[in-house]
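In: Got a sequence here, can you model it:
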Amino acid sequence: MHRLPAFALSALAVSPAQGGEPPAISADAIRAHVEFLSDDLLEGRAAGSRGHELATRYVASQLRQIGLLPAGDDGDWLQWLDLIEATRVLPAAELVVHRRGGHDDKLTPIEHFIPGFYFGATSTEVTAPAVYAGYGIHAPELGHDDFAGVDLTGKIAVVLAGAPARFPNSQRAHYSSRAKTEGLIARGAIGIVTIDTPEEEARVPWERKIRLSWTPRMRLLDSAGQPIDAYPEIRGSVSVSTAAAERLFAGGPSSATAAFTAAREGRSASFAMPIELTLSAKNSLSRAKSANVVGLLRGSDPLLANEYVVLTAHLDHIGRGAAVNGDVIYNGAFDNASGVAIMLETARALADSSVRPRRSILVVAVTAEERGLLGSDHFARQPTVPRDALVANVNTDMPVALYPVAGMTLYGADHSTLGGQARAALAAESLAEVPDATPEEVYFVRSDQYSFVRQGIPAIMVDTGEISSEAGIDAAAVMRQFMLRDYHMPSDSTALPIHWPSLVRLARVNLQLTRAIADADKRPQWLPGDFFGATFGRTPPRGVAAD
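Out: As a prediction, this is how the structure comes out:
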């Protein structure tokens, strides 16, 4: 029998205070959670794995100990998801450029391109004419249309990664994500080739993408067993490196370099390319189950208790993978054992308060974030309470604390009235608001809060900011080092010099923010004219007040 580590026993022994004001959030309690959840015993907590199921049972036991009620399926703690997982057979992929006169140029998988995922079959192949379509974006509110003058019906769209730098951050985030694929499908594309621009490869080097190319992806299955958001209209997709891009543009009206420059300067012009492309790929498919863990703290107000503030943090990481310095377990201490720990201790403080929040609180450890935000997407679409009763989401994802943190970054603060409440919570903790240091990373659409945004629910994520209270520490440099060396690597572990008091400060901010949302007379609302509010917002149910 594998004995639990001593630190796991200490985590289980943390008991809530009885009555009185909320207890001080304990650095030792947060550390105990992180050490257990990122231990090798859990093998990286990949969704659908035994290690992840162990993690779900641990979180459920913690929620029970805190005093929450089970709020998953059928009175249990767990909300189960049916999933399909695809793993690429990378050497079998093909990208062939067919030129006039029978001249073919066959690119090399991994070195030049990485194939996409396919969830409807174990193999796919498509040959069709190619059309260069800039960024592949139609944003009329910004006067941008990459589809003017070209016909994508039955064609393979060749597009640049990301979105124009001139776009406001919200639109850049939105149009860089699944909205791009959906827009191409709406215009008849049957294949997609996404080219890394020099800016994209500076952000995420091709070598890093190669290292992570083994990682599987998942999709939710509907009641009929069919994958959701699998985009079967797209019969082939690949990502191409900046270095290999010229081989697609050769002989056409523009070189890849010229296309990059034109796009950068806002002069992107689309055109039919004088080539056909063949895209083919193979992947293995397997069915899996994984679960969200859902606990409920019932509100105290007779009316407002029927509305819910949702706290989320993803429990999964990426499991076992390619060895790095002999280590094959990707423990995910910061990503996202730290976020789960903060959520648990926030819930403990709320439950131990002498005065319960007026609204109810749902505490949800979501699965399959690393596979495509699937657990949060499932919960936001099909919550275990009435969907119209969800008023806000407060998400916590990968708060990195490698120095004494002097400020926090508020992702989503400028979109809804949650921003004012979050800023008040920062002020109460004497913390600065730190601007997003890397807006090009579009973090707001890359974590679980976006699943709630897509359902019209205001959401926010508070994160540790790149600013230190200790003189001589270059916080931005420390963060860059983490992202290059440790993010999605086995070294994201408790061997790092974690500054536990900074995680406590983030938990206190989340506590005050959650309490403010839960106790307010009116539910949060999108700000007037906000892009996400206009795109996804919904009218509150009749009789429900909104700011």
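In: Could you list the low-confidence segments of this structure?
Out: Along the chain, segments meeting pLDDT under 70 span 1-23, 538-547.
In: Any idea which residue is closest to the centre of it?
Out: The chain has S447 as the residue nearest its centroid, 2.4 Å off, counting by C-alpha atoms, centre = their mean.
In: Report the contact partners of that residue.
Out: S447 makes contact with 314, 369, 373, 395, 397-398, 411, 461 under the criterion C-beta atoms under 8 Å, 6 or more residues apart in numbering. No exception for glycine: its C-beta is placed from N, CA and C like everyone else's.
In: How about the secondary structure of it?
Out: Following DSSP: H, G, I helix; E, B strand; the rest coil, the label given to S447 is coil.
In: which strands and helices sit next to the helix ranked longest in the chain?
Out: In terms of residue count, the longest helix belonging to the chain (DSSP state H) is helix 500-519. Under the contact definition 3 or more C-beta pairs under 8 Å, 6 or more residues apart in numbering; DSSP states H and E, helix 500-519 sits against helix 27-37, strand 308-314, helix 339-352, strand 360-366, strand 390-395, helix 418-428, strand 459-464.
In: returning to that earlier point: mind checking how far the residue nearest to the centre of the chain is from L362?
Out: From S447 across to L362, the span is 17 Å (C-beta to C-beta, to the nearest Å).
In: for the stretch 151-300 of the chain, what spans make up the helices?
Out: Assigned by DSSP state H, counting those that start in this stretch, the helices in the stretch 151-300 of the chain fall at 169-176, 178-186, 198-203, 206-211, 246-249, 256-264.
In: Among those, which comes closest to S280?
Out: If you check each of the helices of the stretch 151-300 of the chain against S280 by C-beta to C-beta, helix 246-249 wins as the nearest, at 16.2 Å.
In: for the closest one, the distance to its chain's centre please.
Out: Distance of helix 246-249 from the chain centroid (C-alpha atoms, centre = their mean, to the nearest Å) equals 32 Å.
In: And stretch 461-476, by the same measure?
Out: In this view, stretch 461-476 has its centroid 22 Å away from the chain centroid, taken as C-alpha atoms, centre = their mean.
In: contacting residues around A92?
Out: Contact partners of A92, counting by C-beta under 8 Å, 6+ apart, are 109, 280-282.
In: Scan the protein for its longest strand.
Out: Of all segments of type strand in the chain, defined using DSSP state E, the longest is strand 271-297.
In: Please identify the pairing partners of that strand and their relative orientation?
Out: If you go by DSSP bridges, strand 271-297 pairs up with strand 69-70 (antiparallel), strand 78-88 (antiparallel), strand 94-99 (antiparallel), strand 123-132 (antiparallel), strand 360-366 (antiparallel).
In: Three-state assignment for the residue lying farthest from the centre of the chain, please.
Out: In the chain, the residue that sits farthest from the middle, by C-alpha atoms, centre = their mean, is G101; the gap is 45.4 Å. Here G101 is coil, with the state taken from three-state DSSP.
In: For it, give me phi and psi.
Out: With angles defined as degrees, to the nearest 10, G101 sits at phi 90, psi 10.
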